Each structure stands twice: as structure tokens, then as C-alpha cells.
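Trainee: Make a model of this:
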Amino acid sequence: MNPRTPKTLEDSVAAADAIRKTVQAYVDAVGAADPDAILALYADDATVEDPVGSRVRVGRDEIAAFYARSAGYANRSELLACRIAGDSAAFHFRITTTLPDKTIEIEPIDVMVFDEDAKIVQMRAFWAPEDYRTL
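Mentor: Here you go, the predicted model:
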């Protein structure tokens, strides 16, 4: 058994609620293009692989640099579906970004693993450049 896996139904429900809140906070922070708010959701030793197959960023400094690229964009985001099992969540969301010359949209599927405090310890984002749509 994974040491982070809840032992009782009540623990499981509480853990799922905490994870769901973190997922929603992540989607909201991505929509706000707020790298500091995103970084606050991660554990110190977390990893980010976005997109899957790219270089894995390890630790807060690398993760902060990764999300800093999004600061200042005019984004909207919406959580479309979320499934939680044990210490993990898979979720589908939409990000719409308005650039000076166009508006683009993508719907990645992210898979996250959480610690006992519902901090993100691993994030893997499933998407490819051809998934972007110009609106």
C-alpha cells in the first residue's frame, strides 16, 4: 500500500476533497496566468513533465522558471472533468489564451500525484502542439 493512500473511507473522502480543491486552484491559477499561485500548490521536491516526453523539471526553482513563462498572458481556464483515485488525479481542462494577433485554445489532460497535504509532487501534462486551435 502506498503510504499516502488513505486508510479509511472518511480519510479517502477528505483526501479526495483536498485534492479536488488543489486541482481547481491549479486551473484557476493557470487561468489567471499567476505563476506564484501555481508554484504555491507544489511540494518542494516536485516534478513537472509538460508535455509528456519533454525534459522533466525538478524542484521549485525549475518549476518556477517553467511557469514564469506564462506570466502576463490573458488566459481563461475551465475544468472540464476530474477523476481522483487514492493520491492521484487526472483532469481535462481548457485554456484559452488571447495573444496580440490571435486567440488560441488547448485542452490538455494533466495527471498529478499529491502528498498528504494535497501538494502536487508530480505533474504530467498530455498534449501536443497540434492540439492547439486558433479561434
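Trainee: Give the buried residues for the strand or helix carrying residue 92.
Mentor: Assigned by DSSP states H and E, residue 92 belongs to strand 88-98. Buried residues in strand 88-98, counting neighbours by 16 or more other CB atoms under 10 Å, are found at 88-91, 93, 95-97. Quick note: C-beta positions are derived from backbone N, CA and C, even for glycine.
Trainee: Please apply the same query to stretch 30-39.
Mentor: The neighbour-count check on stretch 30-39 (16+ other CB under 10 Å) flags 30-31, 33-35, 38-39 as buried.
Trainee: what is the rounded mean pLDDT of that stretch?
Mentor: The average pLDDT within stretch 30-39 is 95.
Trainee: Determine how far it lies from the middle of the whole chain.
Mentor: From the chain centre to the centre of stretch 30-39 is a distance of 10 Å (CA atoms, centre = their mean, to the nearest Å).
Trainee: Likewise for stretch 108-124?
Mentor: Computed by CA atoms, centre = their mean, the chain-centroid distance of stretch 108-124 equals 7 Å.
Trainee: One more: stretch 96-115?
Mentor: Chain-centre distance of stretch 96-115: 10 Å, with CA atoms, centre = their mean.
Trainee: Contacts for that stretch next, please.
Mentor: Defining contact as CB atoms under 8 Å, 6 or more residues apart in numbering, one finds that stretch 96-115 is touched by 4, 18-19, 22-23, 26, 43, 51, 73-77, 80, 87-95, 120-127, 131-135.
Trainee: before we move on, back to that, would you turn the buried residues of stretch 30-39 into JSON lines with distance to residue 112 and secondary structure?
Mentor: Below are these laid out as JSON lines (distance: CB to CB, whole Å; DSSP: H, G, I helix; E, B strand; the rest coil):
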{"residue": "30", "distance to residue 112": "13", "secondary structure": "helix"}
{"residue": "31", "distance to residue 112": "17", "secondary structure": "helix"}
{"residue": "33", "distance to residue 112": "19", "secondary structure": "coil"}
{"residue": "34", "distance to residue 112": "18", "secondary structure": "coil"}
{"residue": "35", "distance to residue 112": "17", "secondary structure": "helix"}
{"residue": "38", "distance to residue 112": "12", "secondary structure": "helix"}
{"residue": "39", "distance to residue 112": "14", "secondary structure": "helix"}
